[in-house]
Each structure stands twice: as C-alpha cells, then as structure tokens.
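*Asks:* I'd like to go over a predicted model; first the sequence, then the structure.
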Amino acid sequence: MTDLEQVRALYAASAGRLVSQVYALTGDFGEAQDAVQEAFARALIHPDRLRRLENPEAWLRTVALNLARSRHRRRVVFQRLLATGRLRGEPDAPGLTPDHVALVAALQRLPRAMREAVVLHHLVDLPVTEVARILNCSETAVKTRLMRGRRALAEHLRDGAVLEETTTMGVADHA
C-alpha cells in the first residue's frame, strides 16, 4: 500500500470519528471539520511519518485538537482587541451596487483568458508586464486581450442586457 493509499484509508476509517471527537470538545461542528481536515493535510505533507506511528489516528486527533485550541486562542485575542476599540469590527468594503453586479455579470460572459487579463489589469491595477508574467503569455497577448475585453464589456454594458439578466435572475435584488 502506498503512502497516499494509507492516508486515504485512514481518512475513510477515522475522519468521521475524529470530527465527532473534536466537535464534542469545541462545540463548533465547522471548526471541528476544519481542524480535522487541516490535520490530514499536515499528514499528507509527510505521509511516510504515518507509517512509522503506532497509532496514526491518535496523532491526527492530537494535531486536530491542538489546531482547534490555537484557533480558539486567536479568536479570544481577536475578540479582546475588538472590545478595546483598537480594531474595527467590520472592514471597509465596497457595497454591491447594481453597477458592480452588472460589471461582474458582464465579466463572466468574457472568455476566461480575456477576463483574467481585464481583472488583473483594471481591477487589481497591475501593469501589463506583471499581468503577462502571471498569465504566462506575452505583453502583446495581454494588450490584445485587454482591447478585446474592453470592447466586449462596453457592448454588454451598453445594451443593458447584462443588467436585465441579473435582475431577472434575482442577483440585483441582493445588491
């Protein structure tokens, strides 16, 4: 049995039991799932170590519980900071205006490569050279995608079809 097959078999046999145990200790099912998943992710980094353990499930339980404890401590510290007023509770984030929803809907109508170039350049504000490096293509290709993307977005947004589609789908109602 390969190391990966051993981790898969261990996951199938013990993940549910581990989640139940961590849930009983934390009282938070989502947190328990996250901690167990992270424990298995750490096991996958060095699966050969599991083979040497007498009780791999006990090691995973210890890792998951330590993760849950660490997350709990961080939450407590964060809550204390919030209570002091040194941190604001909610970060400033732009709201979802109908224009924003329409733009995202229009972007979704573009081919993936074109959409990536437009978002990285115009929304993330990266220079063409950086976009080319990220997308693993030439600067000329990025410039072409940007030109075609802007043209397509202008058409989608000008005729209002995107806004009408999002409104009929209920997206604009949630803006």
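*Replies:* Done, it's in.
*Asks:* count of neighbours near Arg150?
*Replies:* When counting by other C-beta atoms under 10 Å, one arrives at 14 neighbours for Arg150. (Each C-beta comes from the backbone N, C-alpha and C, glycine too.)
*Asks:* for Ala12, same thing?
*Replies:* Other residues near Ala12 come to 9 when the count uses other C-beta under 10 Å.
*Asks:* and it, how far is that from Gln6?
*Replies:* To Gln6, Ala12 is 11 Å away according to C-beta to C-beta, to the nearest Å.
*Asks:* what residue of this structure is the furthest out?
*Replies:* Distance from the C-alpha centroid of the chain, by C-alpha atoms, centre = their mean, peaks at Glu54 (35.1 Å).
*Asks:* for Ala39, what are its contacts?
*Replies:* By C-beta atoms under 8 Å, 6 or more residues apart in numbering, the contact set of Ala39 is Leu18, Leu60, Arg61, Val63, Ala64, Leu67.
*Asks:* let's see it at 7 Å
*Replies:* Residues near Ala39 by C-beta atoms under 7 Å, 6 or more residues apart in numbering: Leu60, Val63, Ala64, Leu67.
*Asks:* the third one in helix, strand or coil?
*Replies:* Pointing back at Ala64 there. The three-state label given to Ala64 by DSSP: H, G, I helix; E, B strand; the rest coil is helix.
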